[in-house]
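Undergrad: next comes the sequence, and after it the predicted model I'd like to discuss.
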Amino acid sequence: MIGSTPILEVRNIQVERGGTTILNVPSLLIQEDEILSLIGPNGAGKTTFLQTLSYLWNPFQGEIFFKGKKVETNHSVLEYRRKLAMVFQEPLLFDTTVLNNVASGLKIRGMKRSEIRDRVMEQLDRFGIGHLSNRSAKTLSGGEAQRTSLARAFALQPEILLLDEPFTSLDSPTRESLIEDLEHILQQTRTTAIFATHDRLEALRLSDRMAVMNEGKILQIGSPEEVMNHPVNEWVASFVGVETILNGKVIKRNGGTFLASIEGREIEAVGDAHLGDAVVLCIRPENVTLSTQSHMEATSARNVFAGKILKIAPLGPYQKVHLDCGFPLVAYVTRHSLEELSLTEGKQVRASFKATAVTVIRKVES
Amino acid sequence: MDLILEGIKKAFYLLFTFDPEVMGITLLSLGVSGTATFISLLIGISIGTIVALSKFPGRKIVVSLINTGMGLPPVVIGLFVTIFLWRNGPLGFLEILYTPTAMIIAQAVIATPIVMGITLAAIQQLPQKLRLQILALGATRLQMVWILIKEAKLPLLAGVMAGFGGVISEVGASIMVGGNIKGYSRVLTTATVMETSRGNFDIAIALGIILLLLAYFINLILTQIQQRERPR
């Protein structure tokens, strides 16, 4: 649930290293209780951004406002930093017990022993690591260590939690159970969080808004649906998992839809475009349906193409089918469908997708 | 063989009868080397930590100087401390040459680079991001440094052992700046050298054994602290 008070505002943040700008964020507003994910590949600037937000990356240009007041002017950096908590990719635990690790931030703040104990116990229980409280942090498994690191951060009851790819180094089942717990705990505690990840599925699962980053810039920010379904450019489209990205030209307009020519084929899409416009059409593989019927069935899908299966590759619960329809097209089908339709490499099929399933990016004419 | 057995017998006799001269020498050794090690810890850990955590031009040169300092021959240090404290030397006005204070200074000069070098390596081997994590937990810079030192406590205790081991067993500098004056600046090593040169092997062996036992027990205590039952 997103409130209306901006808890954090960023203006004209720029970070340079060796004469190159590695982070450039003109503005960003974080609402209270919001979970914003920063997604992007390695080197996109996510970590630099999180470290800048917590004043761990110095020097940088720009201003940060916490609850409407400028940090450095109205809050000291230390005072501001103590409102935040950060979890890194590595657990970075101290060489002491789990209990002392979870208590460390509170000890740093000089909190009373009895109060520390209560808070620590609460977090140990919350993260399911109460039984490990007297264990040395050095003997923990990866998942237990990252749980301890998260408990240490939550013990501080931060106003903003910064998570820097905390699940990256975990194996799949461990990651899955930790994400599930974190999702639950974030909902329960209504903690504002900024979550950096390169995994779009993790981001989809945890966040209210997504910001796609590359080369130190935020390329698109919006609700997960908006970013996934309406990427602003080819790069974002490709990063958020659009498998088919086609360059074409508008050849006909038809009341709210248009036809674009792609390598001699015509694709119908919904959108506002002018004749002769260069467009990029993005088609998500889950929106493509395959059929082995040789004759045309009546269908509401405006785009139906005959094509040949070039390659079938397993992809978790799906099979990823690469087609040649005169242009490359990718479809996801379930194993069940694959068997039922006897889909094999080299087989002729019909691929269909709706005009509404095509995301249109208008290209600026150079 | 008899010589050695006699020496060992004499050593235990001197030890168990609490021979006042031997006790005086032993206590002075402990006092001088303990104080010198303590001073070297204050200076060595502080500067070692500062160098480990800072970036400045010429840092590599400073680090290589510290590392070279770890292996400085005690006689060279003894020579320079003697020159400095000599009547006409820059610190001659202090009039502390041939005193236990001069021995403490010389031994501290020997131990400081050892402690400094080990501190530098110990702090540097901690993950770079640990500093960021400590700051992110809301620590002041001073708190961060203290936590880092605590994180490096095992190698730092090795530094204490190396520093103390280096000075309790050195002889060159102690003779040069202390003068080996009976009842005043005579320590276990200088006394051992003197008794050996006089052919008093039984006493020399006794002093040697005491020195070995002393070094062993001090290191045993430090090892106990270092390897203290860590939580499992």
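TA: That came through fine. Numbers count the residues shown, from 1 in each chain, chains lettered A, B, ... in the order given.

Undergrad: residue contacts, the residue of the stretch 201-350 of chain A found nearest chain B?
TA: When distances are taken as C-beta to the nearest C-beta, the stretch 201-350 of chain A reaches nearest to chain B at A:Gly216, 19.0 Å away. Every C-beta, even on glycine, is put in place using the N, C-alpha and C of the backbone. Under the criterion of C-beta atoms under 8 Å, 6 or more residues apart in numbering or on different chains, the contact list for A:Gly216 reads A:15, A:21-24, A:44-45, A:48.

Undergrad: mind checking pLDDT for it?
TA: For A:Gly216, the pLDDT comes out at 95.

Undergrad: over to A:Leu201?
TA: Looking at A:Leu201, its pLDDT reads 79.

Undergrad: now do the one 4 residues further on
TA: Note on A:Arg205: pLDDT of 83.

Undergrad: secondary structure class for it?
TA: A:Arg205 falls in the helix class when you classify it by DSSP: H, G, I helix; E, B strand; the rest coil.

Undergrad: pull up the pairing partners for the helix or strand encompassing A:Ala196, direction included.
TA: Here A:Ala196 sits within strand A:192-197, counting by DSSP states H and E. Note on strand A:192-197: by DSSP bridges, its sheet partners are strand A:35-39 (parallel), strand A:160-164 (parallel).

Undergrad: tabulate those strands (CSV), appending distance to A:Asn229.
TA: As requested, these are arranged in CSV below (distance: least, C-beta to C-beta, whole Å):
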stretch, distance to A:Asn229
strand A:35-39, 15
strand A:160-164, 25
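
Undergrad: ranking those by burial, who's on top?
TA: Of those, the one with the most neighbours on average (mean count of other C-beta atoms under 10 Å in any protein chain shown) is strand A:35-39, at a mean of 26.

Undergrad: ok so, going back, most neighbours among the contacts of A:Gly216, which one?
TA: Using other C-beta atoms under 10 Å in any protein chain shown as the contact criterion, the top neighbour count among the contacts of A:Gly216 goes to A:Leu23, which has 26 neighbours.

Undergrad: mind listing residues that contact the strand holding A:Ala196?
TA: Taking C-beta under 8 Å, 6+ apart as the criterion, the residues outside strand A:192-197 that touch it are A:7-8, A:30-39, A:46-47, A:49-50, A:53, A:159-165, A:167-168, A:186, A:202-203, A:206-207.

Undergrad: that older thread, setting the sequence-adjacent residues aside, check what's closest to the residue of the stretch 201-350 of chain A closest to chain B.
TA: Nearest residue to A:Gly216, sequence neighbours excluded (C-beta to C-beta, 6 or more residues apart in numbering or on different chains): A:Gly45, at 3.8 Å.

Undergrad: isn't the one you found right up against A:Lys217?
TA: Yes - taking C-beta atoms under 8 Å as the contact criterion, A:Gly45 and A:Lys217 are neighbours in contact, 7.3 Å apart.

Undergrad: got the residues of chain A near chain B?
TA: Residues of chain A found near chain B (C-beta under 8 Å from any C-beta of the partner chain) are A:51, A:54, A:56, A:78, A:81-82, A:84-86, A:88, A:90, A:92, A:94-97, A:104-105, A:108-109, A:134-136, A:138-139, A:152, A:156, A:162.

Undergrad: contacts only, for the residue lying closest to A:Asn229 once chain neighbours are set aside.
TA: Leaving aside its sequence neighbours, A:Asn229 sits nearest to A:Thr359 (C-beta to C-beta, 6+ apart; 6.3 Å). By C-beta under 8 Å, 6+ apart, the residues touching A:Thr359 are A:229-231, A:237, A:242, A:281-284.

Undergrad: ok, A:Leu124 next?
TA: With contacts taken as C-beta under 8 Å, 6+ apart, A:Leu124 has the following neighbours: A:98-99, A:102, A:130, A:132-133, A:151.

Undergrad: mind putting those into JSON lines with distance to B:Ala102, secondary structure and pLDDT?
TA: Rendered in JSON lines, the data for the contacts of A:Leu124 read as follows (distance: C-beta to C-beta, whole Å; DSSP: H, G, I helix; E, B strand; the rest coil; pLDDT from 0 to 100):
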{"residue": "A:Val98", "distance to B:Ala102": "50", "secondary structure": "helix", "pLDDT": "97"}
{"residue": "A:Leu99", "distance to B:Ala102": "49", "secondary structure": "helix", "pLDDT": "96"}
{"residue": "A:Val102", "distance to B:Ala102": "51", "secondary structure": "helix", "pLDDT": "97"}
{"residue": "A:Gly130", "distance to B:Ala102": "59", "secondary structure": "helix", "pLDDT": "95"}
{"residue": "A:Leu132", "distance to B:Ala102": "54", "secondary structure": "helix", "pLDDT": "96"}
{"residue": "A:Ser133", "distance to B:Ala102": "53", "secondary structure": "coil", "pLDDT": "95"}
{"residue": "A:Ala151", "distance to B:Ala102": "55", "secondary structure": "helix", "pLDDT": "97"}
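
Undergrad: which members of the residues of chain A next to chain B occur in strands, if any?
TA: A:84-86, A:162 (DSSP state E).

Undergrad: now find how far off-centre the strand holding A:Ala196 is within its chain.
TA: Relative to the centre of its chain, strand A:192-197 is centred 9 Å away, using C-alpha atoms, centre = their mean, to the nearest Å.

Undergrad: ditto for stretch A:29-41
TA: So, by C-alpha atoms, centre = their mean, the centroid of stretch A:29-41 is 9 Å from its chain's centroid.

Undergrad: before we move on, what about stretch A:189-207?
TA: 7 Å.

Undergrad: do stretch A:345-358 as well
TA: For stretch A:345-358, the separation from the chain centroid amounts to 28 Å (computed by C-alpha atoms, centre = their mean).

Undergrad: in it, which residues are buried?
TA: Across stretch A:345-358, burial judged by 16 or more other C-beta atoms under 10 Å in any protein chain shown covers A:349-355, A:357-358.

Undergrad: check stretch A:241-253 too.
TA: The neighbour-count check on stretch A:241-253 (16+ other C-beta under 10 Å) flags A:242-246, A:248, A:250 as buried.

Undergrad: put the alpha carbons of it into CSV.
TA: The C-alpha coordinates for stretch A:241-253 follow below in CSV (Å, rounded to 0.1, in the frame of the first residue of the first chain):
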residue,chain,number,x,y,z
GLY,A,241,11.9,-10.3,-21.1
VAL,A,242,10.3,-9.3,-24.4
GLU,A,243,11.8,-11.9,-26.6
THR,A,244,10.6,-10.6,-30.0
ILE,A,245,11.6,-7.1,-30.9
LEU,A,246,11.0,-6.2,-34.5
ASN,A,247,11.8,-3.0,-36.5
GLY,A,248,9.2,-1.9,-39.0
LYS,A,249,7.5,0.9,-40.8
VAL,A,250,3.8,1.9,-40.5
ILE,A,251,2.2,1.3,-43.9
LYS,A,252,-1.5,1.6,-43.1
ARG,A,253,-3.7,3.2,-40.4
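
Undergrad: what residues does chain B put near chain A?
TA: In this structure, chain B approaches chain A at residues B:127, B:129-130, B:132-140, B:143, B:147, B:150-151, B:153, B:230-232, judged by C-beta under 8 Å from any C-beta.
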